[in-house]
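Trainee: Okay, predicted coordinates and the sequence, questions at the end:
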Amino acid sequence: MAETPQLTMGQRTALSVPPLLLRLVLALVFVWAGGYKVFVKFDVTPEMRPALVAAGALPADVPTTPDGVRPVPTPDGASEPIAEPETQPEAVEPAEGVGPLTLASLVQTPVVAGGERVRNLHNISMGLYAAGNPQPMVRAEGAEPVTPMALVPQKLGTPPWTVRLAWAAALTELIAGGLLLIGLATRLSGFSLAVVMGVAMWLTVVGPAIQSGNAWLGFLPAGGFAKPEVYQTWFMQLAMLAMGLALVFSGPGMLSLDRWIFGGSGTDDGD
């Protein structure tokens, strides 16, 4: 019977520290990102409301009482009617948590005090609706508008799938990030986050570049190395995707619950 080889200190360090660092970084990023999407809300502006309604994040009509008073949610979840203001309230500075109208762009819009609020994950809902229902665009000066290809099947870009998938993405980030923190179901969690990042890359960088008809290398935004800021989002998403896949192949390492529960050598575990 062959003896199990004894690992040196350097080998043990190599099997423990890199997976641990990958897990901690991904956990930090995705617990924050998922929690931000699920628990933080932003104010709905009049300009933003049609997109939220189309994505299924808000009802088309705002309910009113028989007295013409519009109920608004109170912090405890109950509805408390308030009278509509006689004059249009003044715009205030954007509140913390105001997100983009689509996943591909960040639009600064004034926030109207006293309006509706929705979870930040509905930025994904709006992005999915825009991806499944592209609007005609002019690709060159003087050219006729053309409707680009849809980035997702139309069914997935239509409510209620827009909302369901937004929740799925946000919860995947939050739960998988938490599991990576303790090293449980590491390979599954890493793969789930890699899939989320792959979809995000398609919806925010690669897909829009192809839609523009002026993609660099056929799939990246135009600009090349002369405009590195164009690729900051893509580089970050690519790094997170690669780190998730690295955990899929390396496993959780020795310092993990997977190692403690399933045993193994640290790279060949049973999670």
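Mentor: Received the coordinates, thanks.

Trainee: so what pLDDT did A104 get?
Mentor: The confidence metric pLDDT takes the value 41 at A104.

Trainee: scratch that, V111 is what I was asking about
Mentor: 37.

Trainee: ok, now the one 10 residues further on?
Mentor: At L121, the pLDDT value in this model is 97.

Trainee: for it, what are its contacts?
Mentor: 37-38, 166-167, 169-170 (CB atoms under 8 Å, 6 or more residues apart in numbering). To be clear about C-beta, it is placed using only N, CA and C from the backbone, and glycine gets the same treatment.

Trainee: and if you look at P59?
Mentor: V53.

Trainee: Got the phi and psi for it?
Mentor: P59 adopts backbone torsions of phi -70, psi 150, taken as degrees, to the nearest 10.

Trainee: how close does it sit to G127?
Mentor: P59 is 20 Å from G127, where distance means CB to CB, to the nearest Å.

Trainee: what residues does the helix or strand in which L193 is found touch?
Mentor: L193 is located in helix 186-201, with elements delineated by DSSP states H and E. Contacts to helix 186-201, defined as CB under 8 Å, 6+ apart, come from residues 19, 23, 26, 30, 103, 169, 172-173, 175-177, 179-180, 234, 237-238, 240-241, 243-248, 251-252, 256, 258, 269, 271.

Trainee: what's the answer for stretch 16-31, then?
Mentor: Against stretch 16-31 from outside (CB under 8 Å, 6+ apart): 173-174, 176-178, 180-181, 183, 186, 190, 193, 240, 243-244, 246-247, 250-256, 266.

Trainee: just the buried members of those residues?
Mentor: The neighbour count (16 or more other CB atoms under 10 Å) marks 173-174, 176-178, 180-181, 183, 186, 190, 193, 240, 243-244, 247, 250-254, 256, 266 as buried among the contacts of stretch 16-31.

Trainee: By residue count, which helix of this structure is the longest?
Mentor: In the chain, taking DSSP state H as the definition, the longest helix is helix 9-39.

Trainee: Next SSE downstream of it?
Mentor: Sequence-wise, the next helix or strand downstream of helix 9-39 (DSSP H and E) is strand 41-43.

Trainee: Which neighbouring elements make contact with that following strand?
Mentor: strand 117-119 (3 or more CB pairs under 8 Å, 6 or more residues apart in numbering; DSSP states H and E).

Trainee: helices and strands around the strand it packs on, which ones?
Mentor: Using 3+ CB pairs under 8 Å, 6+ apart, strand 117-119 sits against helix 9-39, strand 41-43.

Trainee: With distance to N133, mean neighbour count and mean pLDDT as added columns, please give the ones you listed in JSON lines.
Mentor: Converted to JSON lines, the helices and strands packed on strand 117-119 look like this (distance: least, CB to CB, whole Å; neighbours: other CB atoms under 10 Å; pLDDT from 0 to 100):
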{"stretch": "helix 9-39", "distance to N133": "22", "mean neighbour count": "17", "mean pLDDT": "91"}
{"stretch": "strand 41-43", "distance to N133": "22", "mean neighbour count": "19", "mean pLDDT": "95"}
